[in-house]
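Novice: after the sequence you'll find the predicted model.
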Amino acid sequence: MGRNAAAVLASIVGLVMVLTAFARPLEFLGTAVVDWFNVLAAIAFVLGGANLLKMNLLKISARDAGWGYSAVTVSVFLITIGVGLLKVGAHPDPLHPDVALSGDKEAVGGAFWWLYEYAMSPITSTLFALLAFYVASAAFRAFRAKNTAAILLLGTAFVVLLGRVYVGVLLTSWIPADNAWVSWLRLENLSGIIMGVFNNAGTRAMMIGIAIGIAATSLKILVGLDRSYLGSSD
Amino acid sequence: MSDRPNESFLARLDRIDRRWIFLMMAIAVAGPIIWVGVTGRTFPETATPAVQGAFDAIERLPEGSKVLISFDFDPASAGELQPMATGFIHHCQLRKHRIYAMTLWAPGSPLIGATLADVIGSDPSYRYGENFVDLGYQAGNEGVMKQVGVDFPKAFPNDSKGTPLARIPMMQGITRLSDFDILISVSAGYPGGKEWVQYGVSPTLTQGHRLPFVAGSTGVQTPQMIPYYPVQMSGILGAIKGAAEYESLVNAKATAPGETVPAKYQEAQRRMAPQLFGHSLMVGLILVGNVIFFAGRRKGAAE
């Protein structure tokens, strides 16, 4: 019963969204549905937070391997959420200098700013930057011209890697830029051709394929044939 | 001393500790950063058509046009995308456009405030609420994109400080996305430029006027964005290279020949030097790896 009701609701909402795309007078219905979606998206944050707490607290209480990391995660999560909920502001507030921590909550010097600037920002940037090191190591060990496909991939990688930086310009600067017959051979132009023609064609083919797949799946959901999104009935 | 004395040089190189590769990459990146920091010199950039298209789309708007810019990235991607955001805001400031900043990424909110303060903070002709506004973050991804398409104030009832939009002068007359003169998205993934095309820009076609759209994206995301150029998108800044090209166009407009460009408006150009050495090292490593591979294969065949 519950699953049927959910499937019917999903069908109605889906049909409303399809109709509003073509019928302007029904736009208000689409706006209402999008409102519900935004409310659900906001609730997902609460569920996500609760789930994070549950998983990590279970790990801490069971003293699983790496429970210390979970303790750090829970501590920082609670500190950040506390700072956000209490709207701890910067001090002093120019308008109310006598009231402690009453300034703009995101202003320089505030607790939230401090967490963002000195914890989140450097940690996420560092993690992202580490990719350069691992990619270099992987390129040395795994990027081998074992067959024709790998040779093509290697050649393409060389052209794009060099064509996107000034070394590409330097290496092929002897090719006349004003001669249309040969100027495309300059690495910076060749890189553009690879990105704009070959890559573009492949990406478009994938995107069109994905779009057709989404349309087919959506149709199955609309008519109630696909209910996998509701999860298991157990 | 090696534990395998008869081993060839190439075989030893094949087993090199990866920490040596990490060290080489660190030197390849840190060296140019220091060199650029000391000398202030950057490589010349020539704008590709996609970057020129982005520049022209903002340039051709009349003074005071309404520009909505979505900061859809976080500090992890700021190294690549922050120079784009700074460049777009700087360009809009030069053209005296009205700037409406928003984000669909929760960690993007502080980046809006920092960028606006950095670029237009000291400009007395830019007053908050009249020439620029920080609308902050809104949860909902594509839901927000669809909602701003039909009812902007419903998606963003307040600015980032909680001030109702009705009390912000520059928000008067903004009812839906198509009321803006251009949309700019600086994005690191989902939701980002691709979703803006699908849920934000495309519906404006049925509303009688296509909203001009310009995007800046990470190198990884750019191939997914290129199919939308030049029809749905007027221009695209792909990775730090695209940002450097755009910076050079904006700086050429902003400064007289011989005048010094402030470092904050050259961030992308300054990052092209470490990029050059990083890419060159990668190419070198791949070549060496393949020399080892073929030498090993030939030796194996001979045995």
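Specialist: Received it, and whenever you're ready, just let me know what you need.
Novice: CA atoms for contacts and neighbours, from now on please.
Specialist: Noted.
Novice: buried set for the top helix by length along chain A?
Specialist: With DSSP state H setting the assignment, residue counts place helix A:27-61 as the longest helix in chain A. For helix A:27-61, the buried set under the neighbour-count rule, 16 or more other CA atoms under 10 Å in any protein chain shown, comprises A:27, A:30-31, A:33-35, A:37-38, A:41, A:53, A:56-57, A:59-60.
Novice: relative orientation of the helix or strand that it is followed by and helix A:27-61 in degrees?
Specialist: Later in the chain than helix A:27-61, the nearest helix or strand by DSSP states H and E is helix A:67-85. For helix A:67-85 against helix A:27-61, the angle by axes from the mean of the first three to the mean of the last three CA atoms, to 10 degrees is 140 degrees.
Novice: if we can go back for a sec, now the buried residues of helix A:27-61 in a markdown table, with distance to A:Ala177?
Specialist: As requested, the buried residues of helix A:27-61 are arranged in a markdown table below (distance: CA to CA, whole Å):
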| residue | distance to A:Ala177 |
| --- | --- |
| A:Glu27 | 53 |
| A:Gly30 | 53 |
| A:Thr31 | 53 |
| A:Val33 | 55 |
| A:Val34 | 52 |
| A:Asp35 | 54 |
| A:Phe37 | 53 |
| A:Asn38 | 52 |
| A:Ala41 | 52 |
| A:Leu53 | 60 |
| A:Asn56 | 60 |
| A:Leu57 | 64 |
| A:Lys59 | 63 |
| A:Ile60 | 64 |
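Novice: what parts of the stretch 51-200 of chain B come near chain A?
Specialist: B:75-79, B:110, B:139-140, B:143-144, B:146-147, B:150-151, B:161 (CA under 8 Å from any CA of the partner chain).
Novice: narrow those to just the buried residues.
Specialist: Buried, going by 16+ other CA under 10 Å: B:75-79, B:110, B:139-140, B:143-144, B:146-147, B:150-151, out of these.
Novice: surely B:Thr46 is in a strand?
Specialist: No - with DSSP: H, G, I helix; E, B strand; the rest coil as the criterion, B:Thr46 is coil rather than part of a strand.
Novice: which ones among the residues of the stretch 51-200 of chain B next to chain A lie within helices?
Specialist: Among these, the members found in helices (DSSP H) are B:75-79, B:110, B:143-144, B:146-147, B:150.
Novice: returning to what we had before: relative to A:Ile79, which of the residues of the stretch 51-200 of chain B next to chain A is nearest.
Specialist: B:Pro110 (18.0 Å; CA to CA).
Novice: that closest one contacts A:Asp104, doesn't it?
Specialist: No - contact criterion CA atoms under 8 Å: B:Pro110 and A:Asp104 do not qualify, at 11.9 Å.
Novice: residues contacting the closest residue to chain B within chain A?
Specialist: In chain A, no residue comes nearer to chain B than A:Ser125, which is 4.2 Å away by CA to the nearest CA. By CA atoms under 8 Å, 6 or more residues apart in numbering or on different chains, A:Ser125 lies in contact with B:75-79.
Novice: for B:Leu116, same thing?
Specialist: Applying CA under 8 Å, 6+ apart to B:Leu116 gives the contacts B:Ile89.
Novice: pop the domain breakdown of chain A in here.
Specialist: What automatic domain parsing lists as the domains of chain A is A:1-69, A:143-226.
Novice: pull out the buried positions in the helix ranked longest in chain B.
Specialist: Ranked by residue count, the top helix of chain B under DSSP H comes out as helix B:267-302. With burial defined by 16+ other CA under 10 Å, the residues of helix B:267-302 counted as buried are B:267-293.
Novice: low-confidence ranges in chain A?
Specialist: A:1, A:90-92, A:233-234 (pLDDT under 70).
Novice: out of everything not next to it in sequence, what's closest to the residue in the stretch 1-150 of chain B that chain A sits nearest to?
Specialist: For the stretch 1-150 of chain B and chain A, the shortest gap (CA to the nearest CA) falls at B:Ala76, measuring 4.2 Å. Closest residue to B:Ala76 apart from its sequence neighbours, by CA to CA, 6 or more residues apart in numbering or on different chains: A:Ser125 at 4.2 Å.
Novice: check which helix or strand that neighbour maps to.
Specialist: Using DSSP H and E, A:Ser125 sits in helix A:121-142.
Novice: just A:Ile193 next, same as before
Specialist: Assigned by DSSP H and E, A:Ile193 belongs to helix A:187-193.
Novice: from the chain's centre, how far out does that helix sit?
Specialist: Its chain's C-alpha centre and that of helix A:187-193 lie 28 Å apart, by CA atoms, centre = their mean, to the nearest Å.
Novice: is there a neighbour count for the residue lying closest to A:Leu222 once chain neighbours are set aside? I'd like the number.
Specialist: Excluding its sequence neighbours, the residue lying closest to A:Leu222 (CA to CA, 6+ apart) is A:Ser11, at 4.4 Å. When neighbours are defined as other CA atoms under 10 Å in any protein chain shown, A:Ser11 has 19 of them.
Novice: A:Ser11 touches A:Leu225, doesn't it?
Specialist: No - the criterion here is CA under 8 Å, and A:Ser11 misses it with A:Leu225 at 10.4 Å.
Novice: can you pull up the most central residue in chain B?
Specialist: By CA atoms, centre = their mean, chain B has its centre lying nearest to B:Leu81, at 3.0 Å.
Novice: any idea how far B:Ile112 is from it?
Specialist: Applying CA to CA, to the nearest Å, the value for B:Leu81 to B:Ile112 is 12 Å.
Novice: which of the three states applies to the residue nearest to B:Glu130 when sequence neighbours are not counted?
Specialist: Residue nearest to B:Glu130 in three dimensions, not counting chain neighbours: B:Met170, with 5.0 Å by CA to CA, 6+ apart. Recorded secondary structure, B:Met170: helix (three-state DSSP).
Novice: surely B:Met170 meets B:Asn131?
Specialist: Yes - checked against CA under 8 Å, the pair B:Met170 and B:Asn131 is within contact range at 6.8 Å.
Novice: which residues do those two both contact?
Specialist: B:Arg98.
Novice: and B:Met225, helix, strand or coil?
Specialist: Going by three-state DSSP, the secondary structure assigned to B:Met225 is helix.
Novice: ok, it - contacts?
Specialist: Counting by CA under 8 Å, 6+ apart, B:Met225 touches B:193-194, B:236.
Novice: show the pLDDT at it.
Specialist: You'll see B:Met225 listed with a pLDDT of 91.
Novice: name the nearest residue to B:Ala30, sequence neighbours excluded.
Specialist: B:Pro274 (7.1 Å).
Novice: wait, B:Pro169 sits on B:Arg127?
Specialist: No - B:Pro169 is not in contact with B:Arg127 according to CA under 8 Å; the separation is 10.7 Å.
Novice: and the lowest-mean-pLDDT helix or strand in chain B, C-alpha only, in CSV?
Specialist: Least confident helix or strand of chain B, by mean pLDDT, DSSP states H and E, is helix B:202-206 with a mean of 79. Backbone C-alpha positions of helix B:202-206 (Å, rounded to 0.1, in the frame of the first residue of the first chain) are rendered in CSV as follows:
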residue,chain,number,x,y,z
SER,B,202,17.3,26.4,-21.8
PRO,B,203,13.9,27.2,-20.3
THR,B,204,14.5,30.9,-21.0
LEU,B,205,14.2,30.0,-24.7
THR,B,206,10.5,29.2,-24.2
